[in-house]
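Q: this is a predicted model, with the sequence first.
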Amino acid sequence: MSNPNPTETTESHAVGGTINPVENRFTERLSHILADLGKNGIFIALIAVVVLFSFLTDGILLRPQNISNLVVQNGYILVLAIGMVMVIIAGHIDLSVGSVAAFVGACSGVFAVHWGMPWWIAVILSLAIGAAVGVWQGFWIAFVGIPAFIVTLAGMLIFRGLALVVLGNANIGSFPTEYRGLGNGFLTDLLGEFEIDPLTLGIGAIAIIALVLQQVRTRLGRQKYGQEVEPLIWFITKLVLVGAGITFFVYSLASYKGIPVTLIILAVLVLVYGVVMNRSVFGRHIYAIGGNRHAAELSGIKTRRVDFWLFVNMGVLAALAGLIFTARLNLAGPKAGDGFELEAISAAFIGGAAVQGGVGTIGGAIIGGLIIGVLNNGMSIMGIGIEWQQAVKGLVLLLAVAFDVYNKRRSGGR
Amino acid sequence: MTTNILEMQSITKTFPGVKALSNVTLGVARGEVHAICGENGAGKSTLMKVLSGVYPHGTYDGDIVFENETVEFKDLTDSEAKGIVIIHQELALSPYLSIAENIFLNNEQKGRGGLIDWNKTNFEASKLLARVGLRENPTTKIMDIGVGKQQLVEIAKALSKRVKLLILDEPTAALNDEDSDHLLNLILHLKEQGITSIIISHKLNEIKKVADSVTVIRDGKTIETIAKADVTEDRIIKDMVGRDLEHRYPDHTPHIGEELLRVEDWTAHHPQDTSRVMVDKVNLHVRAGEIVGIAGLMGAGRTEFAMSLFGHSYGSKISGSVFLRGKEIKTRSVAEAIDHGIAYATEDRKTYGLNLIEDIKRNISMASLKKLEKYGLVHDNEEYKVANEYRHSMNIKAPNVLVKTGKLSGGNQQKVVLSKWIYSDPQVLILDEPTRGIDVGAKYEIYSIINRLAAEGKGIIVISSELPELLGICDRVYALSEGRITGELPVAEATPEAMLKLMTMEKPR
């Protein structure tokens, strides 16, 4: 192939040195692909886990109904993982999210069931309560300076206790239909019944087109500014593979009940928070604080304010997770949210976040959460008991982080 | 070559994409003090890591012959067993343990039943402390003694391992003159006891004082080994930078304009002990195009003054007034100070200046994201472009701006810090120890950058503990002692003697 874009090769020649140019271009492309695979190791791990369990479950894992279930069953963990990875990038941790989810779920039960409020007012009020919880915890962490581990450990107890108080030792059940839609609803209900839902396919097609356009735009933008871009073949291959993946996923959803409402919520969150972390000033400040708090402070970043808003944000997301979970079960109970914090933290770390802070991505956390979800789901289908599921998940977390540490050491980081 | 205790023969070490060492040869005679000089990134530390087994045998090419025997170290323990001990620039002591515990860490003095014999531990430790001339109780905690004494503890620890070849990586970088002298004398004293030393240093005067021979490394290659009689500063510098450095300081013709910054009666107290005055009614001013120095000994309050001025980043009960172009301004937060056009580049770039796990690009933009922002979003292609421009104009040596700053040498890290502050469009730059831990060649570049900034009409305040540096680059120098300005001299009148007199002037009691 002749030189597809001149900027790419001039830049790389300056770096690469003077080896035979043809061989150089090939090895360079290969090394680029390998580096890319290394960087996206977590994505490959997800594919490996999916393939493994498709075999182990005789293909049940990839049946349309199960794919739909995977999304709905893990939605609330993924919502939590988004907030959690941001908190972890800034060098904190939040142990309270499970309890907060239970507390908010209980409150929403009181609003929507006991007091009979319209569902949307109940939802908004519940999210506001989540924000208030975040304000409380953020205040202690950011302005009093108590480590997040302690504040949220206390929060874990406080809000679990308050959840029980609100519930009054009873379950609150039978929520209004619209409310339940948050956890169980599908978008198909809009158009009526089809064998293969056309609305779902349409949304899928739009998503693929948007993705391709965005990727091409980014690539062209980078080239315009003389930045190194990946080889064109690899770029196209990746797009085709991702497109095929989305097509399969969307087709599966379309041939079951359509797009779950939870997925819509998630997609919006991933898009918004992806932009926040990658492109916004606030996101940059989070990474800067996690990387070196002192340097961030001396660069004029208001670190306390960032910490505070991070926890307010986490409170709102924990509330949202609580709503989705309650809606799905159609029940607000005392055991709700049990262990959510650990699954969300695991998702962030499996997804490549660093314990010391400064490193991590929203996408990584989502994939980490999906890996846990597929493990849960696959092992349940196989009839493996909850006790072994726990042990396997623990092992996966350990191995994922160990692999990450090994990778970093090999790439010469200190 | 039987007199040589150590022979490193054609050592080549490659990292992915970089040849860190290429055919380096080093011969160290038994019982000598051998200095290794080279710019940061020249390969000195890599060579020492090869020698001490941090990079195990098999990861490099070439042979190491120690005491006439080819050695193949697998790790640090291996090399220490043979009597090669390396003391790193960043000391490896545990602050909460005692001196004795640190000395015998991983080499515990066991008594009966495998339990630690504390009497023996402390007794042996006190004998070792006597050998290094440190008068401290061995049960004192490391955190309670100064860096100079900690350095001595490290040497005592090395002696406890029956060291034959002691490697010191920039041992005096963090020490004051008195402690440095003591350490250098100790190295000479150990030489009399038959201990061979390798000392890595930037400081040419101390090399001249202790070294019997000097090996210069540049770009991963041995340039030459010079015997004591032939050592001159000029020759070493020439070898290190590969060209003649006629002047250590670039020429600078000041074009001084109107007054930019004036500070009046600036006072700051200790952050915890609020009764202690750390900065005492400091008055100073900087004019456009002027380079002003602040000279002071350790603990004079130089950094404390600069950081309290820069967004109240240090201290408590801060008072005084700041005027920018004659108008009073407040600098209560760093953001406010930056908005007024004040920039402060810290003396400790690794702890306070850089996000080491982030790339060059994001470090440069860190203090000025506002300039790249539109609707709350950062224009990242523009950011890349800006960073790349600074990479070229500041001569930051990196293949691109996506390199993590943790992987850069000290000089290049400092250039990133300066780029960050220059990009924030300051009117006044406060540079705290701008050339600390940087090699000669990069220092010259930093000085040139400072001159360029002054020529653009910015006001520059340079804080430095190296008096020759201040006298070499400044137009006017203030002396600071015990938190007070004790004098102010134009550079033409500022002789080292006059300055030292001011810098040591005590408060009238």
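A: Cool, got the structure.
Q: wait, isn't A:Tyr273 in contact with A:Ile362?
A: Yes. In this structure, A:Tyr273 is within contact of A:Ile362 by CB atoms under 8 Å, at 5.0 Å. Where you see a C-beta, it was placed from the backbone N, CA and C, and this is true even at glycine.
Q: comparing those two, which shows the higher neighbour count?
A: Between A:Tyr273 and A:Ile362, counting by other CB atoms under 10 Å in any protein chain shown, A:Ile362 is the more crowded of the two (26 against 22).
Q: quick check on the residue of the stretch 251-400 of chain A found nearest chain B: phi, psi?
A: At 3.5 Å from chain B, A:Gly291 is the closest residue in the stretch 251-400 of chain A, using CB to the nearest CB. When read as degrees, to the nearest 10, the backbone of A:Gly291 gives phi -70, psi -40.
Q: let me know the pLDDT of it.
A: Looking at A:Gly291, its pLDDT is 92.
Q: go on, the one 10 residues further on?
A: With respect to pLDDT, A:Ile301 has a value of 94.
Q: now do the SS call for it.
A: Under DSSP: H, G, I helix; E, B strand; the rest coil, A:Ile301 falls in the coil class.
Q: residue closest to the middle of chain A?
A: What sits nearest the mean C-alpha location of chain A, by CA atoms, centre = their mean, is A:Ile366, with 2.7 Å.
Q: so it is in which element?
A: Secondary-structure element containing A:Ile366, defined by DSSP states H and E: helix A:362-382.
Q: close to chain B, is that helix?
A: No. Judged by CB under 8 Å from any CB of the partner chain, helix A:362-382 stays clear of chain B, getting no closer than 15.4 Å.
Q: now that helix: buried residues?
A: For helix A:362-382, the buried set under the neighbour-count rule, 16 or more other CB atoms under 10 Å in any protein chain shown, comprises A:362-379, A:381.
Q: and residue 70, what does it touch?
A: No chain specified, so I'll use chain A. Residues near A:Leu70 by CB atoms under 8 Å, 6 or more residues apart in numbering or on different chains: A:370, A:373-374, A:377.
Q: switch to chain B, please.
A: B:Thr70 touches B:63-64, counting by CB under 8 Å, 6+ apart.
Q: so who does the residue of the stretch 251-400 of chain A closest to chain B touch?
A: Going by CB under 8 Å, 6+ apart, A:Gly291 touches A:357-358, B:355-358.
Q: tell me how far it lies from B:Ala100.
A: Separation of A:Gly291 from B:Ala100 (CB to CB, to the nearest Å) stands at 37 Å.
Q: B:Phe305 now?
A: 39 Å.
Q: for chain A, which residues score under the pLDDT cut-off?
A: Where chain A drops to pLDDT under 70, the residues are A:1-25, A:38, A:188-194, A:408-414.
Q: again, but for the stretch 1-150 of chain B
A: Scanning the stretch 1-150 of chain B for pLDDT under 70 picks out B:1-2, B:16-18, B:40-41.
Q: and stretch A:205-218, which residues are buried?
A: Result for stretch A:205-218 [16+ other CB under 10 Å]: buried residues A:207-208.
Q: pull the residues that contact it.
A: For stretch A:205-218, contacts defined as CB under 8 Å, 6+ apart pick out A:235, A:239, A:242-243, A:246-247, A:250.
Q: one more time with 6 Å
A: Stretch A:205-218 has contacts (CB atoms under 6 Å, 6 or more residues apart in numbering or on different chains) with A:239, A:243, A:246.
Q: of those residues, which is the nearest to A:Asn40?
A: Of all the contacts of stretch A:205-218, A:Leu239 has the smallest distance to A:Asn40: 13.8 Å, by CB to CB.
Q: residue contacts, that closest one?
A: Neighbouring residues of A:Leu239 by CB under 6 Å, 6+ apart: A:Val212.
Q: report the spatially nearest residue to A:Ser380, omitting neighbours in sequence.
A: A:Gln389 (7.4 Å; CB to CB, 6 or more residues apart in numbering or on different chains).
Q: what's the helix or strand hosting A:Ala163 packed up against?
A: Secondary structure assigned from DSSP H and E places A:Ala163 in helix A:148-167. When contacts are defined as 3 or more CB pairs under 6 Å, 6 or more residues apart in numbering or on different chains; DSSP states H and E, helix A:148-167 sits against helix A:97-109.
Q: residue ranges with poor pLDDT in chain B?
A: Looking at chain B by pLDDT under 70, you get B:1-2, B:16-18, B:40-41, B:174, B:202, B:243-247, B:509.
Q: domain boundaries for it, per the record?
A: Domains of chain B are assigned by automatic domain parsing as B:4-241, B:257-341+B:426-509, B:354-424.
Q: pull up the distance across the last one, start to finish.
A: Yep, that's domain B:354-424 we're talking about. For domain B:354-424, the first-to-last residue distance is 15 Å (CA to CA, to the nearest Å).
Q: that domain near chain A at all?
A: Yes. Judged by CB under 6 Å from any CB of the partner chain, domain B:354-424 comes into contact with chain A through B:354-355, B:357-358, B:366-367, B:369, B:373, B:376-378, B:381, B:384-385, B:399.
Q: of all these, which comes closest to B:Gly472?
A: B:Leu354 (26.2 Å).
Q: backbone dihedrals for that closest one, please?
A: phi -130, psi 150.
Q: so who does the nearest residue to it once chain neighbours are set aside touch?
A: Excluding its sequence neighbours, the residue lying closest to B:Leu354 (CB to CB, 6+ apart) is B:Thr405, at 4.9 Å. By CB under 6 Å, 6+ apart, the residues touching B:Thr405 are B:354, B:356, B:360, B:363, B:413, B:416.
Q: nearest residue to the third one other than its sequence neighbours?
A: Put plainly, it is B:Ile360. Spatial nearest neighbour of B:Ile360, excluding adjacent residues (CB to CB, 6+ apart): B:Val401 at 4.4 Å.
Q: okay, now the one you found: neighbour count?
A: B:Val401: 24 surrounding residues under other CB under 10 Å.
Q: so it sits right up against B:Glu389, yeah?
A: No. Counting by CB atoms under 6 Å, B:Val401 stays clear of B:Glu389, with 9.6 Å between them.
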